[in-house]
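S.K.: Predicted model follows, preceded by the sequence.
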Amino acid sequence: RVIIYDSLLTAIYSFKHHIKDPSTGAQIPGQPRGLAVTSDGEILLLDGSSSKLDLLDFRGRLLAWVVPSRLLNDSTLRLTIVAITVDEHDNFYVIVSGDLLRVLVLDRDLNLIRQFGEKGNLPAQLSTPVSIGVSNGRIFIGDLNGLPAVKVFDSLGNFQSGFGGHDVQPEDLSFPIGIAFLDGPLTGMVTLVVDGLRQTVKVYDGEGKLTTMIGGFGYLPGLLQYPTGLSSDGIATFYVVEKGGARVQRYQLK
């Protein structure tokens with residue numbers, strides 16, 4: 001089920017997502033696992049039980065769909081959709097892995113604009129990407145095993161920099177499962193990265209230096225239990241989805 005909330009986390013609408021059973025052709029419940037929303041409310045949905053991406057209207061009605069292997073003109077490729085996001089121009093960014101590892105950039109009609117990325121252990125390569133975010137023409141990718149833990153590329157996919165390791169220092173990241181951004185008068189431009197194993201949201205400045213950490217494991221409001229998703233209003237408010245806590249929490253920097 002996809003639930004749509006207002007900015008204060010009041011649920012205003014929800015819908016179920018179904019996929020086609022490959023053996024019978026029947027519609028069965030899917031497993032919505034990620035989404036990216038355009039400026040006019042269209043939803044690109046990643047379903048953990050499907051090899052395709054569905055573009056839906058705000059009521060959950062199917063508008064279009066795409067299979068990444070067909071975008072790459074090779075239907076024999078076995079690909080898994082890892083993560084998706086959208087930029088300020090309503091272009092979608094899709095990480096796929098499997099027979100190859102790529103970041104696909106799609107326009108709002110799901111046409112392929114460009115692709116970049118290759119598998120490897122060098123800083124400019126991708127090892128095990130798990131999250132993606134886009135801000136001001138820069139693409140941030142969280143990598144579970146590669147170093148740096150967050151890799152930063154320009155809009156054409158050229159590696160620029162990165163930050164964070166996978167060690168025990170405060171700035172390090174065990175599981176960078178979500179990336180979002182704030183750019184308000186209180187913070188300036190900062191990058192938020194949710195660490196799904198350390199139960200924290202870490203805040204990095206424009207140079208990739210850690211400035212603060214928010215959360216910690218626990219059941220009380222403000223604490224986290226295995227966070228899996230992160231979003232923001234781009235100014236001072238951000239939202240964290242928790243798998244263990246089965247909740248969404250709203251945070252506001254003051």
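M.R.: Done, it's in. Numbering: from 1, shown residues only.

S.K.: Could you tell me the per-residue confidence at the closest residue to Lys52 other than its chain neighbours?
M.R.: For Lys52, ignoring the flanking residues on the chain, the nearest one in space by C-beta to C-beta, 6 or more residues apart in numbering is Val67 at 4.6 Å. Every C-beta, even on glycine, is put in place using the N, C-alpha and C of the backbone. For Val67, the pLDDT comes out at 96.

S.K.: The one 10 residues further on too?
M.R.: The score at Leu77 is 95. That number is its pLDDT.

S.K.: Report the contact partners of the closest residue to it other than its chain neighbours.
M.R.: The shortest distance from Leu77 to any non-neighbouring residue, by C-beta to C-beta, 6+ apart, is to Ser69 (4.2 Å). By C-beta atoms under 8 Å, 6 or more residues apart in numbering, the contact list for Ser69 reads 51, 75-79.

S.K.: Partner strands of the helix or strand hosting Lys202 and their direction?
M.R.: Element membership of Lys202, judged by DSSP states H and E, is strand 200-204. Based on DSSP bridges, the pairing partners of strand 200-204 within the sheet are strand 188-195 (antiparallel), strand 210-215 (antiparallel).

S.K.: so which of the ones you listed gets nearest Glu88?
M.R.: strand 188-195 (13.8 Å; C-beta to C-beta).

S.K.: For the stretch 51-200 of the chain, which residues score under the pLDDT cut-off?
M.R.: Within the stretch 51-200 of the chain, no stretch has pLDDT under 70.

S.K.: pretty sure Gly164 contacts Leu173?
M.R.: Yes: using C-beta atoms under 8 Å, Gly164 makes contact with Leu173 at a distance of 4.6 Å.

S.K.: re earlier: tell me the phi and psi of the residue nearest to Lys52?
M.R.: Here is the backbone geometry of Val67 (degrees, to the nearest 10): phi -110, psi 120.

S.K.: Next up, the contacts around it.
M.R.: Val67 neighbours (C-beta under 8 Å, 6+ apart): 51-53, 75.

S.K.: Quick check: Tyr13 vs Tyr239, distance?
M.R.: Distance from Tyr13 to Tyr239, counting by C-beta to C-beta, to the nearest Å: 17 Å.

S.K.: Show me which of those two is the more surrounded one.
M.R.: Tyr239 (18 against 12; other C-beta atoms under 10 Å).

S.K.: Quick check: beta-bridge partners of Glu242?
M.R.: Assessed by DSSP bridges, Glu242 has beta-bridge partners Pro227, Arg247.

S.K.: no, scratch that, I was asking about Phe116
M.R.: In this entry, Phe116 is beta-bridged to Val103, by DSSP bridges.

S.K.: okay, now it: neighbour count?
M.R.: For Phe116, using other C-beta under 10 Å, the count is 17.

S.K.: Now do the same contact list for it.
M.R.: Neighbouring residues of Phe116 by C-beta under 8 Å, 6+ apart: 102-103, 105, 153, 156-158.

S.K.: Point out the ones among those that are inside strands.
M.R.: 102-103, 105, 153 (DSSP state E).

S.K.: returning to that earlier point: now do the shared contacts for Gly164 and Leu173.
M.R.: Counting by C-beta under 8 Å, 6+ apart, the shared contacts of Gly164 and Leu173 are 149-150, 193, 202.

S.K.: how about the helices in the stretch 51-200 of the chain?
M.R.: Assigned by DSSP state H, counting those that start in this stretch, the stretch 51-200 of the chain shows helices spanning 68-71.
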